[in-house]
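Trainee: Got a sequence here, can you build the structure:
(one chain, ligands or ions: 1)
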Amino acid sequence: MELRTPRLILRSFREEDVDAMAQLFANPDFMRFSLGVFTERKKTVEFIEKVMGWNRAGIPSQFTVVPRGEDAIVGYCGFFQHAEVPGEIEIGYRLHPDYWNRGLITEAARAVRDHGFADLELPRVISLIHPENIPSRRVAEKNGMDVEKQIMFRGFPTLVYAITREQWLAKRDAS
Ligand SMILES: CC(C)(COP(=O)(O)OP(=O)(O)OC[C@H]1O[C@@H](n2cnc3c(N)ncnc32)[C@H](O)[C@@H]1OP(=O)(O)O)[C@@H](O)C(=O)NCCC(=O)NCCS
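Mentor: The predicted structure is shown next:
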């Protein structure tokens with residue numbers, strides 16, 4: 001499956017994406033505000049197998065971020081679910097630092113949000129963000145989300161940004 005934006009192609013993960021993703025997961029900037037870089041290729045294989053399993057099961061899933069005209073994966077954007085935050089569907093994203101601050105993940109996250117509400121009919125989506133992660137907070141704001149509360153997630157203070165389907169519909173009708 002594929003989502004298209006003016007500058008990006010977001011497509012489902014494939015087995016052959018392991019090399020490109022292993023390079024990204026080994027990059028400390030790409031992995032800012034995570035539990036750390038992946039030092040073993042096995043962890044990238046596990047990530048891709050997990051995400052491909054969600055695709056097969058029809059569970060909201062992740063997409064590769066590929067700039068149009070470039071044959072390279074520069075990030076990911078899509079849906080996660082976490083046992084620690086039951087009943088919620090998160091929009092999560094990471095991008096290679098060479099591509100930061102061009103509005104690319106905002107473009108990707110909006111396409112993923114629209115897909116979630118329009119095609120998957122999700123009732124609401126969230127983003128889980130460390131309070132000091134200013135770029136990611138900006139992306140969530142530009143994605144129409146508001147801070148709902150602060151929780152502890154994986155041992156860190158974490159802001160829960162959220163937008164409901166009703167809020168999305170109202171904002172869409174107003175624009
Ligand atoms: C978060 C991330 C995906 C954002 O991707 P991106 O494509 O650069 O995001 P955008 O360009 O769409 O938006 C970034 C916004 O943050 C702003 N920003 C960036 N650094 C900033 C800073 N130090 N202070 C204030 N604003 C800052 C940008 O100006 C932009 O906002 P604007 O459009 O209002 O000018 C990218 O920084 C990244 O991969 N970070 C590491 C991984 C990560 O933190 N993932 C999210 C985990 S919750």
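Trainee: biggest helix in the chain by residues?
Mentor: Secondary structure of the chain per DSSP state H: the longest helix is helix 41-57.
Trainee: for the record, mean pLDDT for that one?
Mentor: The pLDDT scores in helix 41-57 average 98.
Trainee: quick one: buried residues of that helix?
Mentor: Thr44, Phe47, Ile48, Val51, Met52, Trp54, Asn55 (16 or more other CB atoms under 10 Å). C-beta here means a position set from N, CA and C on the backbone, and glycine is covered the same way.
Trainee: How about stretch 9-24?
Mentor: Applying 16+ other CB under 10 Å to stretch 9-24 flags Ile9, Leu10, Arg11, Ser12, Phe13, Asp17, Val18, Ala20, Met21, Ala22, Leu24 as buried.
Trainee: Tell me the residues on this structure that lie near the ligand, please.
Mentor: Contacts of the chain with the ligand, taken as CB under 6 Å from any ligand atom, map to 32-33, 93-95, 100-106, 129, 133-136, 138-139.
Trainee: could you redo the last one with a cut-off of 8 Å?
Mentor: Proximity of the chain to the ligand (CB under 8 Å from any ligand atom) is limited to residues 29-34, 75, 77, 92-97, 99-109, 127-130, 133-139, 142.
Trainee: Just those residues: which are in strands?
Mentor: Gly75, Cys77, Gly92, Tyr93, Arg94, Leu95, Ser127, Leu128, Ile129 (DSSP state E).
Trainee: Any chance of JSON lines for the residues you listed, columns pLDDT?
Mentor: Output for those, formatted as JSON lines (pLDDT from 0 to 100):
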{"residue": "Gly75", "pLDDT": "98"}
{"residue": "Cys77", "pLDDT": "98"}
{"residue": "Gly92", "pLDDT": "98"}
{"residue": "Tyr93", "pLDDT": "98"}
{"residue": "Arg94", "pLDDT": "98"}
{"residue": "Leu95", "pLDDT": "98"}
{"residue": "Ser127", "pLDDT": "98"}
{"residue": "Leu128", "pLDDT": "98"}
{"residue": "Ile129", "pLDDT": "98"}
